[in-house]
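Engineer: Here's my sequence, what's the structure:
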Amino acid sequence: MKKFAGIIFSLCFILISQAQTPDVWDGTSDTTWYNTTDTLFQLTTAEQLAGLAVMVNNGNSFQGKTIELMNDIDLGGALETPLNWTPIGYYYSHCDSICYEVYRGFNGVFEGNNKTISNLVVNDNDTMTLGFFGFSYGAIIRNIYINNVSFSIPKGKYCGGLIGACKYTYLLNCNVQTSLLFDYIKIFVFGGIAGKVDTSIIENCSFSGKIQGDSASYLSGIACFVKNSSISNCYVIADLEGSSVGGITQISQGGHLFNCFFAGNIYGIKKGYSAGLIGYSNGYDTIENCFAITSLHSCLEEILSEYGNFPANQQYGGLIGGQWGGTFINNCYIIGGIISGYSDLGGISGICNGRINNCYAATYTNGKIDVGSMIGFDMGFGSNQSFIDILLSTNDPIGYKYYENKDPNQLFTEEMTSGESFGLLNNTGNCPSQWVYKEGLYPQLDVFANHPDTIFRQASLLSVIPIFLGEQTANQIRNDFKVSTLYGVSWTSSAEDIIRIEGENAIVNPINQDTMIVLTVTLNNLQKEFYVKVIEGNDIKEVNTNKINLYPNPSNNQFTLNNGQELIKEVALYDVMGRKVQHLTVNAFSTTVNVSDLPNGIYVVKINTASKVIVRKVQIMR
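Structural biologist: Now for the predicted structure:
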């Protein structure tokens, strides 16, 4: 279900846009505003903006000079006869008997003044880099909004909503909103902000809308190909559909991604190498303080290699598809959604050749070969101080281990949403952050929970909304369960005849065939999915088959736990909304639990022994 297809977060543009009428381009260019002595040029018309493109493309880099945009600009792409825009700067390379390259890059400061450039149709068949800017080198581009961009070209190599490619460039407060369809245009690389980024910085940027890229090889929401660059404090709210997709970045090497989130669904994957944050990390990347609200859908069939002679490692992840060359993930998480594909698939990382530190996952994973709730194929350092929700996780923590690395810790929803720390560490990594615990929610990161921008706070809050399955796992639903209604969120079901939501109650009707159901939780204009599989029949399947006696059940004032196998270390009780209501230190083979002060209802009992964790349910009834 394409829940994010209609989410175009226009509030940002409504608040920022001025109440002026944009200057509409007539298709001509004006260069008379330029002189060689001034260093600041204020552009008021679309024709002057087109003149900037003419001069840069003729070799004037504007080094040491500042361009300041004074008005909103309409570049005429929505006219009855649309006008075509030639990008500012270009890059071209060609190999015949020898290889050569030619480029003209913008090298100055472009100050957008929070103005909007709308209705941009990019058309330039002779260069490799296409966008509002084609190519920049040593530039600063800041405070600009691009609304409704499209491409009228037969093919393109490096394409972006703002800029095709940049080097030694600082992109600050740049935002693109558009819906794009690449159904016949042969695009090699497209990024919502930039196609290719080398030794540059992208900060406080966003993309919202939708990209359908059936004829595009690689797609991403912010920057598609990234080398030795940083992306920080950025977000994407969009559905992305293409052959290989990264929610923030598709391919990265030597990059630093931090304080970012992706919210949207990923569809139509044909080549693999796809994930909520980075599709393929080629090494020496660091990903910190990030989360994804996503479902990723790929084919459940074998994909052959580029040469067609052996099966490809498909590499799908909730956060990273392929994590290679010592790439580290710190302080990141994913909750809800589904990650679905054929092979090398994990809730955090599809193939891990690096390390996952201080992260957690609570997502449905669905595949055939090397599928894990956190890591699909672990051939690196594995995970450290990381956790999975055993009820929402539908596979072993690690699908296949090349080395005997330690499994991530497996906890229950009630424990992870109790409002108390369960082992995540504060102030780790290069960009220290702290975990924020609230009763009834998974932990958030303070960089999002306390962010000055509303959209970051709302996305963070939605990301940590739970469902409470009790003793059932997400792929073994037979009985009723609970959903959270905190902060006024609303819920819908993809099949109300099977699962009906009434307040905080998810009512399950018996069925005669296993069926996957999508539950969608909405907070304002943002949505998140939970996938659950309802199983034929209506008997609860126990999460853990270890035998421990709990009696009487139902209970009135007390019940007894008896474990003949080993010592019971601790006992904790949680109500149906995940709140811890009682905790006991035991260190005995049996114990009596006094519940006389608890109201009637169903409670989850979590029992810690010396070697395992066991969960049971008890009903208090008087």
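Engineer: So which residues make contact with the helix or strand where residue 461 lies?
Structural biologist: Residue 461 is part of helix 454-463, with elements assigned from DSSP states H and E. Applying Cβ atoms under 8 Å, 6 or more residues apart in numbering, the external contacts of helix 454-463 come out as 9, 11-12, 235, 237, 261, 263, 291, 293, 333, 335-336, 441-442, 444-445, 448-451, 487, 489, 521, 523-524, 526-528. C-beta coordinates here come from the backbone N, C-alpha and C atoms, glycine included.
Engineer: Which positions within it qualify as buried?
Structural biologist: 455, 456, 458, 459, 460, 461, 462, 463 (16 or more other Cβ atoms under 10 Å).
Engineer: Could you list the buried residues of stretch 254-274?
Structural biologist: Neighbour-count burial for stretch 254-274 [16+ other Cβ under 10 Å]: 254-269, 271-274.
Engineer: Restrict that stretch to CA atoms and write it as PDB.
Structural biologist: Taking Å, rounded to 0.1, in the frame of the first residue of the first chain, the C-alpha atoms of stretch 254-274 are listed here in PDB:
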ATOM      1  CA  GLY A 254      33.800   7.900   3.000                       C
ATOM      2  CA  GLY A 255      30.600   9.700   3.900                       C
ATOM      3  CA  HIS A 256      29.200  10.900   7.200                       C
ATOM      4  CA  LEU A 257      25.400  10.700   7.600                       C
ATOM      5  CA  PHE A 258      24.000  12.000  10.800                       C
ATOM      6  CA  ASN A 259      20.900  13.500  12.400                       C
ATOM      7  CA  CYS A 260      18.700  12.500   9.400                       C
ATOM      8  CA  PHE A 261      15.500  10.600   8.800                       C
ATOM      9  CA  PHE A 262      13.600   9.000   5.900                       C
ATOM     10  CA  ALA A 263       9.800   8.600   5.900                       C
ATOM     11  CA  GLY A 264       8.300   6.900   2.900                       C
ATOM     12  CA  ASN A 265       8.000   3.500   1.200                       C
ATOM     13  CA  ILE A 266      10.300   2.000  -1.300                       C
ATOM     14  CA  TYR A 267       9.000  -0.100  -4.200                       C
ATOM     15  CA  GLY A 268       9.800  -1.800  -7.500                       C
ATOM     16  CA  ILE A 269      13.400  -2.800  -6.700                       C
ATOM     17  CA  LYS A 270      14.900  -4.800  -9.500                       C
ATOM     18  CA  LYS A 271      18.700  -4.700  -8.800                       C
ATOM     19  CA  GLY A 272      18.900  -4.900  -5.000                       C
ATOM     20  CA  TYR A 273      21.200  -2.600  -3.000                       C
ATOM     21  CA  SER A 274      18.300  -0.700  -1.400                       C
END
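Engineer: Okay, now the unreliable bits of the stretch 251-400 of the chain?
Structural biologist: Counting by pLDDT under 70, the stretch 251-400 of the chain shows low-confidence ranges at 304-312.
Engineer: try the chain
Structural biologist: 1-19, 94-95, 99-100, 125, 304-312, 537-547, 565, 576-578, 611-613.
Engineer: switch to 50 and redo it
Structural biologist: Scanning the chain for pLDDT under 50 picks out the ranges 1-18, 539-545.
Engineer: sec struct for residue 49, please.
Structural biologist: Here residue 49 is helix, with the state taken from DSSP: H, G, I helix; E, B strand; the rest coil.
Engineer: and it, how many neighbours does it have?
Structural biologist: Residue 49 has 23 neighbouring residues, counting by other Cβ atoms under 10 Å.
Engineer: Next up, the contacts around it.
Structural biologist: Counting by Cβ under 8 Å, 6+ apart, residue 49 makes contact with 25, 43, 69, 73, 117.
Engineer: at 7 Å what do you get?
Structural biologist: Contacts for residue 49 were tallied using Cβ atoms under 7 Å, 6 or more residues apart in numbering; they are 43, 73.
Engineer: cool, and residue 408?
Structural biologist: Counting by Cβ under 7 Å, 6+ apart, residue 408 has contacts 374, 383, 386, 387, 388, 397.
Engineer: Skipping adjacent residues, who's closest to residue 174 in space?
Structural biologist: Nearest-residue entry for residue 174: residue 205, 4.6 Å, with adjacent residues in sequence omitted and distances by Cβ to Cβ, 6 or more residues apart in numbering.
Engineer: ok, how many other residues are close to that neighbour?
Structural biologist: Other residues near residue 205 come to 27 when the count uses other Cβ under 10 Å.
Engineer: List phi and psi for the closest residue to residue 324 other than its chain neighbours.
Structural biologist: The shortest distance from residue 324 to any non-neighbouring residue, by Cβ to Cβ, 6+ apart, is to residue 353 (4.6 Å). Dihedral pair for residue 353: phi -110, psi 30, per degrees, to the nearest 10.
Engineer: start at 710 instead
Structural biologist: Okay, residue one is now 710; in that scheme the one you just asked about reads as residue 1062.
Engineer: For stretch 854-866, give the distance from the opening residue to the closing one.
Structural biologist: One end of stretch 854-866 sits 23 Å from the other (Cα to Cα, to the nearest Å).
Engineer: Name whatever forms a beta bridge with residue 1120.
Structural biologist: residue 1098 (DSSP bridges).
Engineer: Give the burial count for it, as a bare number.
Structural biologist: 21.
Engineer: Distance of it relative to residue 1179?
Structural biologist: Residue 1120 sits at a distance of 15 Å from residue 1179 (criterion: Cβ to Cβ, to the nearest Å).
Engineer: Same check on residue 975?
Structural biologist: Taken as Cβ to Cβ, the span from residue 975 to residue 1179 is 30 Å.
Engineer: picking that back up, going by distance to residue 886, which of the buried residues of helix 1163-1172 wins?
Structural biologist: For the buried residues of helix 1163-1172, the closest approach to residue 886 (Cβ to Cβ) belongs to residue 1164, at 12.8 Å.
Engineer: my guess is the residue nearest to residue 1033 meets residue 1090, correct?
Structural biologist: No - the pair residue 1062 and residue 1090 does not pass the contact test of Cβ atoms under 7 Å, sitting 8.6 Å apart.
Engineer: List the contacts of the residue nearest to residue 883.
Structural biologist: Neighbouring residues of residue 914 by Cβ under 7 Å, 6+ apart: 880, 882, 883, 884, 902, 931, 943.
Engineer: among these, who's most crowded?
Structural biologist: In terms of neighbours by other Cβ under 10 Å, these top out with residue 931 at 33 neighbours.
Engineer: Please tell me I have it right and it contacts residue 958.
Structural biologist: Yes - between residue 931 and residue 958 there is a contact at 6.3 Å, judged by Cβ under 7 Å.
Engineer: Overlap in contacts, these two.
Structural biologist: residue 940.
Engineer: quick one: contacts for residue 979?
Structural biologist: Contacts for residue 979 (Cβ under 7 Å, 6+ apart) come out as residue 952.
Engineer: Okay, it and residue 868: tell me how far apart.
Structural biologist: Look at residue 979 and residue 868: by Cβ to Cβ, they are 19 Å apart.
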